[in-house]
Structures are given as C-alpha cells and as structure tokens.
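1. Here's my sequence, what's the structure:
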Amino acid sequence: MATKTGFKTYERQNFKLRPKTQRLNDDNEVYKPLSESLMVDQAKRCMGCGTTFCSWGCPLGNLISYWNDFSHQEKWEEAYEALSRTSNFPEFTSRVCPAPCEAACVLGVNREPVSIREIEYTIIEHAFENGWVKPRRPKTRTGKRIAVVGSGPAGMAVADELNAVGHEIVVFERNLEPGGLLRYGIPNFKLEKSVIDRRIDLMKDAGVRFVTNTAVGKDVKATDLLEEFDAIVLTGGSTVPRDLTVMGRELDGIHYAVDYLENHTKRIHDLPTETLIDARGKNVLVIGGGDTGSDCIGTANRQGANKVYQVEILPKAPDQRDDSQPWPIYPRLNKVTSSHKEGCEQFWEVSTKRLVGENGAVKKAVIEKINWVNSDGRMIPEPVEGSEVELEVDLVLLAMGFLSPEHDGVVNDLGLALDARGNVHSNERHETNIKGVFTAGDMARGQSLVVRAIKEGRTAAKYVDEYLMGESYIRTFK
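-> Residues are numbered from 1 along each chain as shown. Below is the predicted model of the structure:
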C-alpha cells in the first residue's frame, strides 16, 4: 500500500490562500485547492503504516491509508468508496475539521504529516464532479417513523443512516434552512452554503423530509411527537453561550458571537433578520481565542471593521508541539488562521475587567493582565496590579464557548434528565431517561467538533435501529 519513500521525495504542500485583497471583498472560501497532480504527489507521502495511527486519531475511524493509496494511483472512485464507508459528509470535514488525524500521523513524529484533510477534499470533490455521490435510497421501507430534532451535523448523520436502512425520517429545524451549526455558525469563507445545499438535496432525494422554521417544544409539542413517531432523536446542539459578567455588560453593541455570525450569514443570503449587527467602520473586540472568535475576526474584516482586537484569558499556546503534548495526541497549539492574517491585534492572559459606555452604547473596554497561580491544586487567574489597558471599541463579540443545550422547550417538556454540566443525560446506547427518546452530538456531550457530532449521529442511529428492529446493519468503525 501507498509508497515507501514518497515522504522523502515530496515535501508537504498546503492549499493556497486566495490573495487577501480578493478574499476580503467576498464571502467565498478562502483556500484555493492544489492541482490534481500535486495532490497525487501529496498522497504518495503516506507510508501505509502497519498501525494506522491516523485512523485512531480520527473520531470516525476513517480508512485513511486506503484512500491515500487509491489517490496516489489516481483511482479516485475507489478512493471515494473507501472514504464513504466511514464518513457521511467528507465535504464538511475536509473544510472545517482541525484534522486530529494529521496530529496522529506517524510521519508527524519528525516531519510534516501527510495532508490528509486536503486529500479528503480532493477525493470528495472528484466524487461530486463525476456523479459518484448518489442518494442513499433504501430498497425497502420498514414502516417505522423517526423524528430527528435538529439538523446540524449530528442530526444530518442520524437522518442519513436511518433513512438508508428503510425508516421514514422527518427532521425538524427551527431555523429557515437546514444545516444547524454548519449553516449559521460557520462562515461562508470556511464553508460555502452551496456545499450544504448539495448534500441536503441528496438527502431529500433519498426520502428524508425536512420541516424547517419549526421549533419543537414551541411550534410543535414534544409530547405529540412521542405519540406520532416510533422514536425521537434529539440533536439540538449546545446553544446556550457563556456570558460575560462584568460592569457594562448591559450596554448596546455587545453581542454573542453566534448571533453575530448568524446575522451576517442570513444577510448575505437575503434571509430575514430581526436586528442588524455590523462592524463597518467600527473598532471590534472579540472576547475568546477559539475558532468561533477567529470566525468573528474574519467576518468583521469582511464587513469593513476599522480595527479588530482579540483577547484570550489563557496563556498563548506553543507554536509547535512540545514535550507536554507528545505524539500522537492532538496538541494544543497557537493557531494562526486566515482571519488572523487579515488583520487582528491579539492579547493573551488578559481578562476583560469592565466595559464603559456613552449614551447607552459601549465605547471602551478595560482589560488587565493576569497570571495563572496554583491555589490548592486549582489554577486560578490573578490580576496583575497596574496592568490595565483601555481599548476604544464600538462592538464587542462574546466568543467564550457554550454551556449546554437550551432547557426551555423539548428538554423540559419531555422531563429529560440532565448531567452535571446541564447536557441531556444518556447511556452508552444514546438512550435518555424517556423510552424511545435518544440524543446525540453536542446536546449530549457538550460543545465539540463537527467530526465528533457526525460520529455521535452515526452511533446513535445504530442504537435507534436496534431499538426498533432488534438488530442493525448500520456500521460504526470506532
């Protein structure tokens, strides 16, 4: 399999960023893929290891060495067949996944790892271009009906798997279009919405029904679904954002990051919005150093922000893997994204002390340096005296993560048990405390990756199928 010395012959090459001046003037994806011949060379870097740590690192257990081998032989259809055995939506993960598989690549011990995510992108786009991606229509129907609440990556995976084995699937989505986090939480410059529409159309063609603009627990009673359907799968995500409790939080111009990103996505697609959140000509402060914060930076720059700041309470992560993060675990590294390269001043180990307003609107943010100190075995932030800095800001975006799913609505209506973090409690079979009700994705495990949500959806689908039929042919590989 693969090549024995390709990693010596070919250096890693990444997809190229489109010019900054070009990408700031649109909302299209920022990366320009490499040519097919270059991607064939990249696939040759795979060593076809006897123990495929890349598959171990991938939450889906993707058969990476197999589709790398097919790719370097330019057997793209065979590569797609291997990829689709474990992954429902490679077009999503090849764009937005942080690639834990690459962190686990054996080549990464002392060289640049194989560009697995970019090879995956090449395979799936070949498949769509050549018509190899088909609707997964079942040969027969079981007569069982399943309601999936939430159409994000977990809900889509549940629906895709259960429909393929013959169940009738109805997906309920409270927003105007299906896709959940993929559509409204991830900007177009990382994932163009036509990519989602392409997959949704295939699922509809296969028989999955999407009921949008319908909130279960509000527009439809959750208890009514229990009577109408043979099973319910809750995949509503972790949607309660972490708030900032400081003086001045009540001022105008302070928004949750998810609301800001959703607002921008709806506007560029001519969808109705209740408010206008725009960074044009403003000084923007993004509080939170993760991917959502980065997405806010990129969006603010595209809207024409005057200045963008980002503050993070944690220390700056190392630029390269160090001894505290040994291979093959996924390392926590300082991530410089395309959004950062477009313009942003970053601060680490600072906290936002207070927000100052004028005429009811935010005008300044006071930040201060902190040190992390050990207090009885717990690391706590300690302010550094005299370190206060004032930033002139007109827009503050809170990108500090999410706490739990919303409890009002379906969770409370059904009387679902919660875990210590406020997530919906479920057992190893994804069953809640209510018979016939299952859960998957961030709603059950807390905020996590798209690839983990897809994995959760696949696994939950298997157990729902077993619950309804006594056995299941749905495959899970990890």
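2. how about the nearest residue to residue 206, chain neighbours excluded?
-> residue 135 (3.8 Å; C-beta to C-beta, 6 or more residues apart in numbering). C-beta here means a position set from N, CA and C on the backbone, and glycine is covered the same way.
3. burial count for the one you found?
-> 14 (other C-beta atoms under 10 Å).
4. what about it, which helix or strand?
-> Take DSSP states H and E as the rule and residue 135 turns out to sit in neither a helix nor a strand.
5. OK, contacts around it?
-> The neighbourhood of residue 135, defined by C-beta atoms under 8 Å, 6 or more residues apart in numbering, consists of 202-203, 205-206.
6. among those, who's most crowded?
-> residue 203 (23 neighbours).
7. what secondary structure does it sit in?
-> The three-state label given to residue 203 by DSSP: H, G, I helix; E, B strand; the rest coil is helix.
8. Need the per-residue pLDDT for the residue nearest to it when sequence neighbours are not counted.
-> The shortest distance from residue 203 to any non-neighbouring residue, by C-beta to C-beta, 6+ apart, is to residue 160 (6.1 Å). Listed pLDDT for residue 160 reads 98.
9. Which elements pack onto the host helix or strand of residue 160?
-> Of the helices and strands defined by DSSP H and E, residue 160 is found in helix 153-164. Under the contact definition 3 or more C-beta pairs under 8 Å, 6 or more residues apart in numbering; DSSP states H and E, helix 153-164 sits against strand 145-149, strand 168-172, helix 193-206, helix 450-469.
10. Output the top strand by length along the chain in PDB with nothing but the alpha carbons.
-> Secondary structure of the chain per DSSP state E: the longest strand is strand 361-375. Extracted as PDB, the C-alpha positions of strand 361-375 are listed here (Å, rounded to 0.1, in the frame of the first residue of the first chain):
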ATOM      1  CA  ALA A 361     -23.600  52.200  23.900                       C
ATOM      2  CA  VAL A 362     -20.300  50.600  24.500                       C
ATOM      3  CA  LYS A 363     -17.300  52.800  23.800                       C
ATOM      4  CA  LYS A 364     -14.400  51.300  25.800                       C
ATOM      5  CA  ALA A 365     -13.200  48.000  27.200                       C
ATOM      6  CA  VAL A 366     -10.800  47.900  30.100                       C
ATOM      7  CA  ILE A 367      -8.600  44.800  30.000                       C
ATOM      8  CA  GLU A 368      -6.000  43.700  32.500                       C
ATOM      9  CA  LYS A 369      -3.100  41.300  32.500                       C
ATOM     10  CA  ILE A 370      -3.400  38.200  34.700                       C
ATOM     11  CA  ASN A 371      -1.200  35.500  36.000                       C
ATOM     12  CA  TRP A 372      -2.300  31.900  36.500                       C
ATOM     13  CA  VAL A 373      -1.500  30.700  40.000                       C
ATOM     14  CA  ASN A 374      -1.900  27.400  41.800                       C
ATOM     15  CA  SER A 375      -4.400  27.600  44.600                       C
END
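11. buried sites along it?
-> 362-370 (16 or more other C-beta atoms under 10 Å).
12. Residue 439 reaches residue 426, doesn't it?
-> Yes - counting by C-beta atoms under 8 Å, residue 439 touches residue 426, with 5.0 Å between them.
13. Now the common contact residues for the two.
-> Joint contacts of residue 439 and residue 426 (C-beta under 8 Å, 6+ apart) are residue 432.
14. So if I had to pick from those two, which one is more boxed in?
-> residue 439 (29 against 23).
15. partner residues bridging the more buried one?
-> residue 234 (DSSP bridges).
16. can you tell me which residues contact it?
-> Taking C-beta under 8 Å, 6+ apart, one finds 233-235, 416, 424, 426, 430, 432, 460 in contact with residue 439.
17. what does the longest strand of the chain contact?
-> Under C-beta under 8 Å, 6+ apart, the answer for strand 361-375 is 248, 251-254, 285, 309, 311, 313, 315, 347, 349-357, 379-384, 387-396.
18. how many other residues sit next to residue 334?
-> 14.
19. For the residue lying closest to residue 14 once chain neighbours are set aside, give its distance to residue 62.
-> Nearest residue to residue 14, sequence neighbours excluded (C-beta to C-beta, 6+ apart): residue 115, at 6.4 Å. Distance from residue 115 to residue 62, counting by C-beta to C-beta, to the nearest Å: 14 Å.
20. now residue 117
-> 10 Å.
21. any residues in contact with both of those two?
-> Common contact partners of residue 117 and residue 62 (C-beta under 8 Å, 6+ apart): residue 101.
22. Could you check which of the two has the larger neighbour count?
-> Neighbours around residue 117 and residue 62, counted as other C-beta under 10 Å, are more numerous at residue 62. The numbers are 26 against 20.
23. Looks like the more buried one contacts residue 87 (just checking).
-> Yes - counting by C-beta under 8 Å, residue 62 does reach residue 87; the two are 5.8 Å apart.
24. low pLDDT regions in the stretch 51-200 of the chain?
-> Counting by pLDDT under 70, the stretch 51-200 of the chain shows no low-confidence range.
25. Please consider this matter closed, and thank you.
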